[in-house]
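Chemist: this one's sequence-less:
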DNA sequence: CAGCTTTGTGCAACCAGATGTGCAACGTTT
DNA sequence: AAACGTTGCACATCTGGTTGCACAAAGCTG
């Protein structure tokens, strides 16, 4: 049995399709009797309006796109959950787009999704300089960024990455460390540049002379820190503490330290950023700067939906607002 | 500027909309000249056909649904990646649905997605007894299951869960263990029942007398193994090895053992199932039975798409096939 | 009770494509 | 040159729902 359509409902209720539509969407006068007949017919036929037809007519799909670099990086499932929970509650469906940090793939997704009358985008990707995202916003498409610099021209939710590493470095210095290394992600990603800046500024603030060798620069992926850590520890710049640009980097660094026979935290303290759930399960449990990932996702979704609905009513976007969430230093057992 | 539609292209090229459609879909005669003019107009207007209109007319959306219990369980992002990669390559978009193991939410998703003319479903969820999934298949909707028992009535991709724990238990016995505990997930999930069966059968096979106390039964979530492990280790049934029903459970168990002062593997060996990437980073690196999660996702997507396209051509589904993938015992340092 | 507003419903146009039908122009055969 | 088949395109219809307009019936006011 094929799905019932609005005409089936109309003829069963003995009215016209237009009246059925008005009844279900409730924006016009319908008598109590007719309404009851129609609702009965809807129930009997288990009628549910065809989304494609609605989308075609309305030019919007009640669908959001969440664009992330990789679902396999454990921070994104948490953000995703935050987005989805809010979206579902408000009657929106979320399409998840994995770009694998590939700009072309990101562009393809955008173009494909526009084709689907998508209502708005959340970009949690991190590549720099994306003119096409600004163009989207300028074309009037609702857009929210997560953890991505944007010069206040686009709605965004982010943490103060500078403050996060500034705090972590301060903590390490306050517990007596004077040689502190930093595990840096790709230079092209502003999140990591800000985090490096916080680290450098905190060192300077304490009058600690910085050695460029203290910065371990990721090359082909988080695994690159395995050998970077080995070399650094074997060099004359061997630090007593390592600040990792993310928890995942910290995990690899810890693995490397264990394999080289160093004790954490006795020989080296390690601290991460993100505070993903697994960090508490590591041996030793990882100290970390917590990011409210779920809240960032849910706030991003709320902001996006309010843009969408404001645009629906007025045809205009609201002026962009950047929200900065606070981080918190969580001290476990990987730091001394 | 609003998006160009087929009429804009047609009038720019000086032909009718029908001819534009035929040119782009290529199933009828179009002269070389007209074709060239149309393609030029398409390019100039950056025309891309409206997906909603296509879906409405065709009754299908080139969209797949991937239904999973939780995106925060690290095995699912890997499966998801496998599904997405194949889907994208074949021109399909994937909608990810998180049920949080809630049957009602699963039903809601299904009903909502049918409304969107979804082409097919992949269920990687684990709840037992879902009549509505069988009904879907019977209604002619393409469905593929991942890791879910189904009596061969529906296409499926799974591993031999019995064999996985049978092998792991055998390995533990072969290295001298005689008291082996098992960390069991929810009784309602057939995956875990099969895993328990493999464990029990291997014990029997080696003539080891089983004590029911050896089974740690998850209550409110993976964290429940923290105290379960503590109690078990303090009891008279203290095992020399623990087989965890999943890597995540193993992580919590290791955390608990460390906190109680036990050495892994000297005091207790621990082995997991799944072999997620993080297992290699644990201290000690976790031995585990590997599941080809990415391949399971990609195979599921391939199977689903071939069902979809076969149905498109013939109006019928192909008879269901259940594929069993092989597991592999990966020995690292958490076992002695 | 005439004239007005309020309420209630149907009709038809519209969203953006896909596709069957029909007709015209052309080339080929007899 | 008439008869015929092929090619190329326009027109109209269809997908399923929304919505402006017309119109009618009812309720209200003067």
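Modeler: Done, it's in. Keep in mind it's a predicted model, so treat the numbers as computed, not measured.
Chemist: which phi and psi does the most far-flung residue of chain A relative to its centre have?
Modeler: Relative to the centre of chain A, and counting by Cα atoms, centre = their mean, the farthest-placed residue is residue A:14 at 49.6 Å. Note on residue A:14: its backbone torsions stand at phi 70, psi 30 [degrees, to the nearest 10].
Chemist: got a list of what it touches?
Modeler: Contacts here follow Cβ atoms under 8 Å, 6 or more residues apart in numbering or on different chains; on that basis residue A:14 touches residue A:37. All C-beta atoms are positioned from the backbone trio N, CA, C, and that covers glycine.
Chemist: Now with 10 Å, please.
Modeler: A:34, A:37-38, A:41 (Cβ atoms under 10 Å, 6 or more residues apart in numbering or on different chains).
Chemist: Report all helices and strands that the helix or strand where residue A:35 lies contacts.
Modeler: Using DSSP states H and E, residue A:35 falls within helix A:32-45. For helix A:32-45, the elements it packs on are helix A:6-13, helix A:17-25, judged by 3 or more Cβ pairs under 10 Å, 6 or more residues apart in numbering or on different chains; DSSP states H and E.
Chemist: Just the residues contacting that helix, thanks.
Modeler: So helix A:32-45 is in contact with A:1, A:3-6, A:8-15, A:19-24, A:26, A:30-31, A:47-49, going by Cβ under 10 Å, 6+ apart.
Chemist: 6 Å - rerun?
Modeler: A:4, A:8-9, A:12-13, A:15, A:20, A:23 (Cβ atoms under 6 Å, 6 or more residues apart in numbering or on different chains).
Chemist: between that helix and helix A:6-13, how many degrees?
Modeler: In terms of direction (axes from the mean of the first three to the mean of the last three Cα atoms, to 10 degrees), helix A:32-45 departs from helix A:6-13 by 120 degrees.
Chemist: Tell me the gap between the following helix or strand past helix A:32-45 and the middle of its chain.
Modeler: Using DSSP H and E, the helix or strand that follows helix A:32-45 in sequence is helix A:51-58. Put simply, helix A:51-58 sits 29 Å off its chain's centre (Cα atoms, centre = their mean, to the nearest Å).
Chemist: Report the angle between helix A:51-58 and helix B:51-58.
Modeler: 130 degrees.
Chemist: So what angle separates the directions of helix A:51-58 and helix A:17-25?
Modeler: If you take the same axes, to 10 degrees, helix A:51-58 sits at 100 degrees to helix A:17-25.
Chemist: which strands and helices sit next to helix A:51-58?
Modeler: helix B:51-58 (3 or more Cβ pairs under 6 Å, 6 or more residues apart in numbering or on different chains; DSSP states H and E).
Chemist: coming back round to it: does any bit of the helix holding residue A:35 sit next to DNA strand D?
Modeler: No - figure legend: helix A:32-45 not in contact with DNA strand D (Cβ under 7 Å from any atom of the strand); closest approach 10.3 Å.
Chemist: one step back: Serialize the contacts of residue A:14 to TSV and add fields for pLDDT, neighbour count and distance to DNA strand C.
Modeler: Below are these laid out as TSV (pLDDT from 0 to 100; neighbours: other Cβ atoms under 10 Å in any protein chain shown; distance: Cβ to the nearest atom of the strand, whole Å):
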residue	pLDDT	neighbour count	distance to DNA strand C
A:34	92	17	4
A:37	94	19	9
A:38	94	24	9
A:41	95	21	12
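Chemist: is stretch A:244-261 anywhere near chain B?
Modeler: Yes - Stretch A:244-261 lies within reach of chain B by Cβ under 6 Å from any Cβ of the partner chain, at A:251, A:255, A:258.
Chemist: Nearest to residue B:323, out of those residues: which one, please.
Modeler: residue A:251 (32.9 Å; Cβ to Cβ).
Chemist: Grab the nearest non-local neighbour of the closest one.
Modeler: Spatial nearest neighbour of residue A:251, excluding adjacent residues (Cβ to Cβ, 6 or more residues apart in numbering or on different chains): residue B:281 at 4.5 Å.
Chemist: what separates that neighbour from residue A:297, distance-wise?
Modeler: Going from residue B:281 to residue A:297 by Cβ to Cβ, to the nearest Å gives 25 Å.
Chemist: Same drill for these two, tell me which one is more crowded.
Modeler: Neighbour tally, residue B:281 and residue A:297, criterion other Cβ atoms under 10 Å in any protein chain shown: the higher count belongs to residue A:297, 27 against 23.
Chemist: The more buried one: helix or strand, and which one exactly?
Modeler: Residue-wise, residue A:297 maps onto helix A:293-314 under DSSP H and E.
Chemist: Sort out which residues of that helix are buried, please.
Modeler: A:293-294, A:296-305, A:307-308, A:311 (16 or more other Cβ atoms under 10 Å in any protein chain shown).
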